[in-house]
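Participant: sequence? don't have it. structure:
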């Protein structure tokens, strides 16, 4: 088993006024070789410009920011996952 510990002082931080976030995934000026997997449990939403419906999922990597727009009351699960993107 491979374990990665993210101590509080090593996590990324961004404060946009409306969002003050500490995170361990690549976002704003913080880079981590992991990506985000978005899974829409219920409802309708748009994640990174991709429309998602109930039980749809989307993998995201190498993004400085990701826009999430809820179109219908939704339950969205975001997971940090190891991602390897090949060209």
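Facilitator: Structure's in. What do you need? Please read all numbers here as calculations on a predicted model, not as lab measurements.

Participant: Which elements pack onto the helix or strand bottoming out on mean pLDDT in the chain?
Facilitator: Scoring the helices and strands of the chain by mean pLDDT, DSSP states H and E places strand 20-23 at the bottom, with a mean of 72. On a contact count with 3 or more C-beta pairs under 8 Å, 6 or more residues apart in numbering; DSSP states H and E, strand 20-23 meets strand 12-15. Placement of C-beta: from N, CA and C, glycine included.

Participant: So, low pLDDT: which residues of this protein?
Facilitator: 1-11, 23-33, 83-87 (pLDDT under 70).

Participant: 80 instead, please
Facilitator: The model of the chain has pLDDT under 80 over residues 1-14, 19-35, 61-65, 80, 82-87.

Participant: Count the neighbours of residue 45 for me.
Facilitator: The tally of other residues near residue 45 (other C-beta atoms under 10 Å) stands at 22.
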